[in-house]
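Student: need coordinates for the below:
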Amino acid sequence: MAKAIWNGQVIAESNETKNVEGNQYFPPDSINKEFFKASDLHTTCPWKGLASYYTIEVDGKQNKDAAWFYPSPKDAAKHIKDHVAFWRGVEVVS
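Tutor: This next block holds a predicted model:
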């Protein structure tokens, strides 16, 4: 089972992650939503499309824009629609 951990807390876990470009994308129902707050940041990937971000908050500490997902991906990335990936110090272990 893959787990995403930040600030000592498991914030997502799943046996159904998808590996894309070295990142584990967690299904939307596998994240612990209480730790995720919508961000205003958006970036564009040439083949996946427009990414949206979450800021992660655990025990009063914030990790700004540390998770991203594609709510309306391009056709080539349809299989990761709404799946969440991590960076900025979030540890992903299997």
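Student: for residue 62, see how far away residue 83 is.
Tutor: Noted for residue 83: a distance of 22 Å to residue 62, by CB to CB, to the nearest Å. C-betas here are computed from N, CA, C, even on glycine.
Student: which ones are touching residue 42?
Tutor: By CB atoms under 8 Å, 6 or more residues apart in numbering, the contact set of residue 42 is 50-53.
Student: coming back round to it: so residue 83 and residue 62 - more neighbours on which side?
Tutor: A side-by-side neighbour count of residue 83 and residue 62, using other CB atoms under 10 Å, places residue 83 first with 24 against 12.
Student: so that one sits against residue 31, correct?
Tutor: No - look at residue 83 against residue 31 with CB atoms under 8 Å: they stay out of range, at 9.4 Å.
Student: what's the neighbour count on residue 40?
Tutor: Here the number of neighbours of residue 40 (other CB under 10 Å) works out to 8.
Student: quick check: it vs residue 64, distance?
Tutor: As judged by CB to CB, residue 40 and residue 64 stand 11 Å apart.
Student: just residue 6 next, same as before
Tutor: 12 Å.
Student: more neighbours: the two, which one.
Tutor: For residue 6 versus residue 64, neighbours defined as other CB under 10 Å are more numerous around residue 6 (22 against 13).
Student: now the helices for this structure?
Tutor: For the chain, applying DSSP state H gives no helices.
Student: quick one: low-confidence parts of it?
Tutor: Counting by pLDDT under 70, the chain has no low-confidence residues at all.
Student: picking up where we left off before, go through the contacts of residue 42 and name the one nearest residue 12.
Tutor: Within the contacts of residue 42, proximity to residue 12 (CB to CB) peaks at residue 53, which comes in at 14.8 Å.
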